[in-house]
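Participant: I'll drop the sequence and a predicted model, then ask my questions.
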Amino acid sequence: MPQRSKILQSRDDWKRKAVQRADAIREHRKTQRRYQLKIAQLKADISALEQAEDEKKTLGSP
């Protein structure tokens, strides 16, 4: 019987580690997705500001 309990304990340890890894990977993906969305938003803001600056330059010097 001790051999069986070792196997069960090993299986439970493996499952716990697998769940922890999956949670960590899932959290990493969520974080990366948030960062990518933030980067895209900042790039859009930069291009809008550059466009507004170009319009001011063209309107300011007739």
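Facilitator: Arrived safely, thanks for sending.
Participant: Now do stretch 3-21: distance to the chain's middle.
Facilitator: 29 Å (C-alpha atoms, centre = their mean, to the nearest Å).
Participant: per-residue confidence averaged over that stretch?
Facilitator: Stretch 3-21 shows a mean pLDDT of 93.
Participant: can I get the CA coordinates of it in PDB?
Facilitator: As requested, the backbone C-alpha atoms of stretch 3-21 are provided in PDB (Å, rounded to 0.1, in the frame of the first residue of the first chain):
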ATOM      1  CA  GLN A   3       3.800   2.300  -3.100                       C
ATOM      2  CA  ARG A   4       0.200   3.200  -4.200                       C
ATOM      3  CA  SER A   5       0.200   6.300  -1.900                       C
ATOM      4  CA  LYS A   6       3.500   7.400  -3.400                       C
ATOM      5  CA  ILE A   7       2.000   7.200  -6.800                       C
ATOM      6  CA  LEU A   8      -1.100   9.100  -5.800                       C
ATOM      7  CA  GLN A   9       0.900  11.800  -4.100                       C
ATOM      8  CA  SER A  10       3.100  12.100  -7.100                       C
ATOM      9  CA  ARG A  11       0.100  12.400  -9.400                       C
ATOM     10  CA  ASP A  12      -1.400  15.100  -7.100                       C
ATOM     11  CA  ASP A  13       1.800  17.000  -7.100                       C
ATOM     12  CA  TRP A  14       2.000  16.800 -10.900                       C
ATOM     13  CA  LYS A  15      -1.500  18.100 -11.200                       C
ATOM     14  CA  ARG A  16      -1.000  20.900  -8.800                       C
ATOM     15  CA  LYS A  17       2.200  22.000 -10.700                       C
ATOM     16  CA  ALA A  18       0.400  21.800 -14.000                       C
ATOM     17  CA  VAL A  19      -2.400  24.000 -12.800                       C
ATOM     18  CA  GLN A  20       0.000  26.500 -11.400                       C
ATOM     19  CA  ARG A  21       1.900  26.600 -14.700                       C
END
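Participant: most centrally placed residue in this structure?
Facilitator: residue 32 (1.5 Å; C-alpha atoms, centre = their mean).
Participant: Work out the gap between stretch 36-46 and the centre of the chain.
Facilitator: How far stretch 36-46 lies from its chain's middle: 14 Å, per C-alpha atoms, centre = their mean.
Participant: Nothing else from me, thank you.
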